[in-house]
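Q: Everything below, folded, please.
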Amino acid sequence: MRVAVVILNWNGKAFLQQFLTNVVENSRDHGLVYVADNGSTDGSVAYVQAHHPDVRIIETGGNFGYAGGYNRALEHIAEPYAVLLNSDVEVSPGWLIPLVERMDSDSSIAACQPKLLDFNDRGRFEYAGASGGFIDHWGYPFCRGRLFDTLEPDHGQYDEACPVFWATGACMFVRMSAFRQVGGLDADFFAHMEEIDLCWRLQRMGFSIWAEPRSVVYHVGGGTLHRSSPRKTFLNFRNGLELLLKNLPARSVLPVLFVRMTLDGVAAIRFLMSGQAGDFKAVFNAHFAFYGRLLNTWRKRGGAYPTLPGVYSHSVVRQYYLRGRKRFSDLDPASF
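A: Model (predicted):
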């Protein structure tokens, strides 16, 4: 087999019961399925052993989050390609074929993703990756099919395969030689934004990232942490700042971080005014955590800092909140 389909699991037995059979049945012609267990206590490993003896189990030895868990799991992978697949994903028949073809077409492609649709609303894009990810000048991530919380219906408007800035961690197809060359995921991120950091570093090394919408999967989302969780808010805000400090050219670090921190303060106030006190506190805790790891993050800098495609040269915050541009297609394509 050329593809290792690796499902990282942490107390996700219910999702394994719901989706693992689907993944195995639709992957067996092209991929070998692994479940990498991140220290679960809900009987996940016993369930897989009893009901899916054809699935290989990797035990990481503890809960190391998405980044650390996958780093440990992929050490055991011999296949040239791997899919980092969330446990709450339903795949479609033949889903691996377009992804393999895309990666085989160009050795400079380090990662790609399928089209992600909402499992519970199959005609609509899913938040985690939609049809490929981008960032704006200030480092805010968005997708073809999703700007902030606005999820577009899928009418085939983003079905063209194209280079993107980041591929979703919910279903990321990676070239293992490139993954190892770049040093894998940043385990300090634990979870959230680590796939954007990985894709950014891969591009800085000369690789490209693609979306291949001929492959379609359906994602539940929020399987480990719900989108409204203050813990998720903390990780997103802390890791968003560290992402910028690690990967921006030196001349851009201070001005971009100043603007982002200011906008983070605005976001915190909006949380408070909406009665989300936990998220309000999470933003400030994220900033203090960022300061506490500032030197460690700065030491991770190094290598080239070229101008990269897929970066929107304006503020998607301004476009969305002040100009009412809620769809990816509303953004000026000349600004990428």
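Q: contacts and neighbour counts: CA atoms only from here.
A: Noted.
Q: Three-state assignment for the residue sitting furthest away from the middle of the chain, please.
A: Here the centre of the chain is the reference, and by C-alpha atoms, centre = their mean the most remote residue is Ala50, at 30.6 Å. When classified by DSSP: H, G, I helix; E, B strand; the rest coil, Ala50 comes out as helix.
Q: Direction included, what does the longest strand seen in the chain pair up with?
A: In the chain, ranked by residue count with DSSP state E as the criterion, the top strand is strand 208-219. Looking at strand 208-219 with DSSP bridges, its partner strands are strand 89-91 (antiparallel), strand 109-118 (parallel), strand 162-164 (antiparallel).
Q: chain center to that strand: distance?
A: Relative to the centre of its chain, strand 208-219 is centred 12 Å away, using C-alpha atoms, centre = their mean, to the nearest Å.
Q: could you point out which element follows that strand?
A: The first helix or strand that comes after strand 208-219 along the chain, using DSSP states H and E, is helix 230-247.
Q: buried sites along the longest strand of the chain?
A: 208-219 (16 or more other C-alpha atoms under 10 Å).
Q: now the strands paired with strand 208-219 as a markdown table including distance to Glu101?
A: Below are the strands paired with strand 208-219 laid out as a markdown table (distance: least, C-alpha to C-alpha, whole Å):
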| stretch | distance to Glu101 |
| --- | --- |
| strand 89-91 | 17 |
| strand 109-118 | 11 |
| strand 162-164 | 14 |
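Q: Nearest approach to Val3 belongs to which of the ones you listed?
A: Among the strands paired with strand 208-219, the nearest to Val3 by C-alpha to C-alpha is strand 109-118 (12.9 Å).
Q: any idea of the mean pLDDT in the closest one?
A: The average pLDDT within strand 109-118 is 98.
Q: Grab the longest helix from this protein for me.
A: Secondary structure of the chain read by DSSP state H shows that its longest helix is helix 250-273.
Q: what's the distance between it and the middle of its chain?
A: With C-alpha atoms, centre = their mean as the basis, the mean position of helix 250-273 lies at 22 Å from the chain mean.
Q: How about stretch 209-222?
A: 11 Å.
Q: same thing with stretch 245-257?
A: That offset, for stretch 245-257, works out to 22 Å (C-alpha atoms, centre = their mean).
Q: So the protein: which segments form each domain?
A: Each domain of the chain is listed here as a residue range: 3-219, 230-305, per automatic domain parsing.
Q: Kindly check the end-to-end length of the first one for me.
A: Domain 3-219 has its terminal residues 20 Å apart, counting by C-alpha to C-alpha, to the nearest Å.
Q: try stretch 47-67
A: 24 Å.
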